[in-house]
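Colleague: my questions are about this predicted structure, shown below with the sequence.
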Amino acid sequence: MLVKGLVLVIGVLAYSVPVTAQEEELEMELFFTPAETVTSAARHAQPLEHSPSAITVFTKEDIQASGARTLPELLRQVPGMDINIISPTWYSVGVRGGTVQMGDSALLLVDGRDLTAEFLGAPLWSVLPCSMDDIERVEVIRGPGSSLYGANAYTGVVNVTTVPAGSGHRAQASVRGGERGMREISVRATESFGPLSLGLNAGLDHEDLWTGRGELGRNVLRGRLDGKADLGEETSLSVEAGAYLANGFFAHQVGETDLKDLTNIYGRARFDHRDLMVQALYDRLDFSADMGFELNYLGTVLAEVPRVDGAANKMELEVQHATTLFFNRLTYGAEYIYSGTHSEVLADPNCDEHRIGVFAQDELQLDALLEELAEVKLPPLMVTAGLRFDYNTAADWELSPRAALVFAPAESHSIRLGYAHAFLKPTFMQTSLHLVVIDVNDMGFEQLDLSNPSLKNQTIDSLELGWSGSFFSGRMVLRLDLAYNWYDNRIWFNTDPGKMQYRNIGGVLVPDIENLGIGYENDESGDRGHNVELQVIVRPVDKLRLFAQAGYRQVFDEKTGLFNTREPVLKAAAGADVRTSGGLSASVRGFYCSSYNKPIGAPGGTLEPAIRVKLPEVFLLNARVAFELSRDPVQLSAGVEVFNLLNARFREFAGTTMVNRYDFGGERLGRRIVLFLRGSL
């Protein structure tokens with residue numbers, strides 16, 4: 001209505017006062033601007049306003065201005081995004097709440113490679129094959145994405161694109177260092193030899209735990225080689241190979257885990273010919289960790305979990321093609337994934353699965369069709385319909401449909417109505433976890449079986465309504481998104497004291513470790529929830545950018561029929577970026593999260609039921625100041641970044657329970673001041 005009113009006002013003024021063609025053009029530019037292009041929602045380039053999904057985009061300039069040194073730090077600026085931080089090593093990321101116990105419900109793609117660690121069912125968000133300086137673009141789908149991307153695109157998709165070989169600066173290097181033992185070194189070089197381009201990057205990340213105990217939080221050594229051959233006629237071949245070695249330490253509800261060794265080796269090859277894409281991937285992950293997991297009851301340690309070692313292999317073959325027929329664009333493809341994990345902590349030390357996915361999505365330009373058939377002239381009206389079939393030998397099959405209607409009543413303005421279904425498959429940890437325990441007090445305990453091979457897929461159905469508008473030649477952008485979600489068969493770790501069995505040892509009843517009545521289960525009662533997200537971006541002048549966003553979420557528990565078990569969550573953020581002609585730039589980000597109830601493990605004993613605690617409000621303030629100096633062919637920038645100035649209240653809460661306890665509020669525990677220097681050639 002607002003857009004139509006503005007167009008009507010312009011039309012009335014144009015009718016009553018004679019104007020020239022140039023003046024008419026200037027008036028239209030005041031309200032409309034060309035749309036930004038995205039690729040993730042349809043697997044091909046399309047205007048952002050025509051996207052069938054809610055999408056947030058970060059350009060390279062946005063990433064640099066944010067000062068984020070990990071991907072989750074950047075994603076905190078996405079409306080409706082949930083960033084739970086356990087330690088510098090471990091992040092948990094979801095979209096719009098979801099109902100996943102640990103919050104890992106979003107798929108992470110880096111240059112088309114799925115970074116999911118299949119044993120855990122989640123990517124290692126703090127361990128990327130590249131540094132933040134090497135990222136060209138990030139697109140975030142806020143909503144179910146299984147119709148295109150399969151099992152792990154449960155509540156959203158984070159699609160990262162790095163700087164391709166032969167693009168950007170020929171050489172660049174950056175050095176960072178600061179509080180909490182933070183050290184980061186990153187180098188990249190690229191060169192072109194006619195149709196052949198090569199790129200090489202390497203880096204080192206180090207960070208201590210945020211509590212200031214001088215203990216290792218995260219340590220990553222990585223390297224990557226990528227290349228691209230331009231074969232002509234819209235044909236290219238891209239290859240990539242890389243590796244990293246990581247270790248770290250984090251505390252959680254039931255202990256402190258020390259990742260002794262985490263080694264990853266991967267390779268990728270991709271062939272593109274016009275609308276055809278073929279990609280092959282290989283990924284191997286070796287892991288070794290001291291779990292620090294003790295089973296205690298009323299302060300007495302009954303058993304411990306020994307060191308865990310294992311290896312996981314993943315191979316993938318993907319084919320995609322698109323064709324245009326009349327007023328339709330049909331995108332279709334198939335994917336095969338083999339995933340195998342070997343570890344003594346599994347019921348079967350050699351667990352493997354074969355996954356097959358077949359998808360098709362049709363985009364119909366309905367306005368053009370109506371004009372052709374009935375000579376009816378309408379603004380752009382697009383209908384998107386898609387369906388994917390996934391089969392998994394270790395779990396179950398699933399159909400993931402989607403449908404969307406996008407109406408663009410005026411240029412750079414759109415209204416979107418959509419429905420999507422998505423699923424999250426059970427992980428090996430949930431279906432096959434079988435621990436051999438250390439009997440601390442010689443009570444006869446041998447094992448702890450938490451496996452449940454009959455788990456079903458978690459599913460979500462989402463109904464979305466969105467509006468997006470751009471005004472004043474793009475200097476102001478407004479976006480409003482509403483979503484209503486149905487969650488079914490959520491997998492949760494159930495602790496039921498009524499099912500716990502006991503042993504009589506020396507006249508004292510103690511829990512029987514081998515019959516605790518705990519483990520992973522499907523909660524078939526289901527949940528429902530609604531989300532409201534508002535985002536405003538304003539550029540009053542070329543050198544200044546302001547943004548503000550707010551999100552509200554409420555989940556309804558069908559088991560109890562009440563809202564009060566999951567209190568509403570309100571999140572808000574605001575920020576500003578400014579540049580001067582003298583090379584000085586500054587940015588500030590403020591974040592807020594309301595207080596809410598959350599179940600956590602009882603501090604008195606890991607075998608006791610979870611308790612519900614009131615988490616306090618969280619305030620954050622991040623700031624960055626940089627000075628850039630360009631003298632061809634060298635560009636230098638230096639500055640300081642200050643993270644989290646206003647978190648004293650949450651630190652106080654964390655100190656009352658456990659050092660480095662799980663950050664359920666979604667924010668980090670410690671302040672960090674970092675100096676940086678970056679140069680490029």
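Modeller: Great, that's in hand. Residues are numbered from 1 along each chain as shown.
Colleague: test my guess that Tyr282 contacts Met315.
Modeller: Yes: counting by CB atoms under 8 Å, a contact exists between Tyr282 and Met315, whose distance comes to 5.4 Å. The way it works is simple: take the backbone N, C-alpha and C, and place the C-beta from them, glycine included.
Colleague: got the buried residues for stretch 218-225?
Modeller: Neighbour-count burial for stretch 218-225, counted by 16 or more other CB atoms under 10 Å, picks out 218-220, 222, 224-225.
Colleague: let me know the closest of those residues to Ser680.
Modeller: Nearest to Ser680 out of the buried residues of stretch 218-225 is Arg224 (CB to CB; 17.9 Å).
Colleague: and the closest one, how close does it get to Gly292?
Modeller: According to CB to CB, to the nearest Å, Arg224 and Gly292 sit 32 Å apart.
Colleague: Ala289 contacts Phe249, correct?
Modeller: No: with contact defined as CB under 8 Å, Ala289 and Phe249 do not form a contacting pair (9.8 Å).
Colleague: what residues go with each domain of this protein?
Modeller: Under the assignment named as automatic domain parsing, the residue ranges that make up the domains of the chain are 1-30, 32-680.
Colleague: comparing those by mean pLDDT, which bottoms out?
Modeller: Lowest mean pLDDT within these: domain 1-30, at a mean of 42.
Colleague: circling back: Ala289 and Phe249: which is more packed in?
Modeller: Neighbours around Ala289 and Phe249, counted as other CB atoms under 10 Å, are more numerous at Phe249. The numbers are 25 against 18.
Colleague: might you report the residue contacts of the more buried one?
Modeller: Counting by CB atoms under 8 Å, 6 or more residues apart in numbering, Phe249 makes contact with 87, 89, 209, 215-217, 256-259.
Colleague: okay, now the sheet partners of the helix or strand where it lies, with direction.
Modeller: Assigned by DSSP states H and E, Phe249 belongs to strand 235-252. Strands that pair with strand 235-252, judged by DSSP bridges, come out as strand 216-230 (antiparallel), strand 255-273 (antiparallel).
Colleague: and it, what's buried?
Modeller: Those buried within strand 235-252 under the rule 16+ other CB under 10 Å are 236-252.
Colleague: between Ala289 and Phe249, which contacts overlap?
Modeller: Counting by CB under 8 Å, 6+ apart, the residues touching both Ala289 and Phe249 are 257-259.
Colleague: ChimeraX command to pick out the buried ones of the residues you listed?
Modeller: Here is the ChimeraX command that selects only those of the shared contacts of Ala289 and Phe249 that count as buried (16+ other CB under 10 Å):
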select :257,258,259
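Colleague: show the residue spans covered by the strands in the stretch 1-150 of the chain.
Modeller: In the stretch 1-150 of the chain, the segments counted as strands under DSSP state E, counting those that start in this stretch are 37-38, 46-47, 55-59, 81-85, 91-95, 106-110, 113-114, 116-117, 122-123, 135-142.
Colleague: circling back to that earlier point, tabulate the buried residues of stretch 218-225 (TSV), appending distance to Leu128.
Modeller: Written out in TSV, the entries for the buried residues of stretch 218-225 read as follows (distance: CB to CB, whole Å):
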residue	distance to Leu128
Arg218	12
Asn219	14
Val220	9
Arg222	8
Arg224	10
Leu225	16
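Colleague: closest to Met81 out of those?
Modeller: Within the buried residues of stretch 218-225, proximity to Met81 (CB to CB) peaks at Arg218, which comes in at 21.0 Å.
Colleague: for the closest residue to Arg624 other than its chain neighbours, phi and psi?
Modeller: Distance criterion CB to CB, 6 or more residues apart in numbering; nearest residue to Arg624, sequence neighbours excluded, is Gly67 at 3.9 Å. Here the main-chain torsion angles of Gly67 (degrees, to the nearest 10) amount to phi 70, psi 10.
Colleague: number of nearby residues for Gly67?
Modeller: Each residue near Gly67 was counted by other CB under 10 Å, and the total is 24.
Colleague: name the helices or strands packed onto the host helix or strand of Ala483?
Modeller: In the assignment (DSSP H and E), Ala483 maps to strand 476-488. Contacts of strand 476-488 with other secondary structure elements, assessed using 3 or more CB pairs under 8 Å, 6 or more residues apart in numbering; DSSP states H and E, are made with strand 458-471, strand 527-541.
Colleague: give me the contact list for it.
Modeller: The contact list for strand 476-488 (CB under 8 Å, 6+ apart) reads 54, 79-80, 96, 98-99, 142-143, 458-471, 524, 526-539.
Colleague: of these, just the buried ones, PyMOL syntax please.
Modeller: Buried subset of these, written as a PyMOL selection, criterion 16+ other CB under 10 Å:
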select buried, resi 54+79+80+96+98+99+142+143+458+459+460+461+462+464+466+468+469+470+471+526+527+528+529+530+531+532+533+534+535+537+538+539
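Colleague: would you state the helices of the chain in chain order?
Modeller: Per DSSP state H, the chain carries helices over the ranges 2-16, 21-31, 60-66, 71-75, 146-149, 366-374, 428-432, 648-655.
Colleague: returning to what we had before: okay, now the sheet partners of the strand holding Ala483, with direction.
Modeller: Strand pairing for strand 476-488, determined by DSSP bridges: strand 458-471 (antiparallel), strand 527-541 (antiparallel).
Colleague: bridged to the residue nearest to Val569 when sequence neighbours are not counted, which residues?
Modeller: Computed as CB to CB, 6+ apart, the closest residue to Val569 that is not its neighbour in sequence is Arg553, at 4.7 Å. Arg553 has these beta-bridge partners by DSSP bridges: Asn531, Val569.
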